[in-house]
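Trainee: With the sequence up front, the predicted model follows.
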Amino acid sequence: MDLKNNNNEEAENNELSIELSEEIAEGTYSNLAIITHSSSEFVVDFIRIMPGIPKAKVKSRIILTPEHAKRLLGALQDNVSRFEAANGAIKAGEPGLPLNFGGPKGEA
């Protein structure tokens, strides 16, 4: 994937080549994110909670500068707005841990 920075005439000639390995391209599923911050960084821990299992592991941790965290927030807001314009409003549940997955209870 090549990205061009179009901020000015000099930047138009600069390209950034981004490499995406097969392993990373598969992604990691997460249904919970915990965000903490200090004066110099934001830390986002992505976690997968499974029904009936009281313990969950952090699957990925991303550390961002405050400036990049703000750019990420704007990009997420923009993408959610575009998604909702095309697909309808996203129904956000109550904040908190999604311990009740809402489906039928399994039986053995």
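Mentor: Yep, that arrived.

Trainee: what helices or strands is the longest helix along the chain leaning on?
Mentor: What stands out as the longest helix in the chain, according to DSSP state H, is helix 66-87. With contacts defined as 3 or more Cβ pairs under 8 Å, 6 or more residues apart in numbering; DSSP states H and E, helix 66-87 has no helix or strand neighbours. (C-beta placed from N, C-alpha, C; glycine too.)

Trainee: Give me the contacts around it.
Mentor: 37, 40-42, 64, 90 (Cβ atoms under 8 Å, 6 or more residues apart in numbering).

Trainee: in it, what's buried?
Mentor: Ala69 (16 or more other Cβ atoms under 10 Å).

Trainee: how close does Tyr29 get to Met50?
Mentor: 10 Å (Cβ to Cβ, to the nearest Å).

Trainee: all strands for the protein, in order.
Mentor: With DSSP state E, the ranges of strands along the chain come out as 2-4, 15-17, 32-37, 42-48, 57-64.

Trainee: List the buried residues for the longest one?
Mentor: Counting neighbours by 16+ other Cβ under 10 Å, one finds that the buried residues in strand 57-64 are Leu64.

Trainee: can you give me the angle it makes with strand 42-48?
Mentor: Counting by axes from the mean of the first three to the mean of the last three Cα atoms, to 10 degrees, strand 57-64 lies at 160 degrees to strand 42-48.

Trainee: can you list contacts of strand 57-64?
Mentor: So strand 57-64 is contacted by 28-30, 41-48, 72 (Cβ under 8 Å, 6+ apart).

Trainee: Partner strands of it, with direction?
Mentor: Using DSSP bridges, strand 57-64 pairs in its sheet with strand 42-48 (antiparallel).

Trainee: Name the residues of the partner strand that are buried.
Mentor: For strand 42-48, by 16+ other Cβ under 10 Å, it's 42, 44-47.
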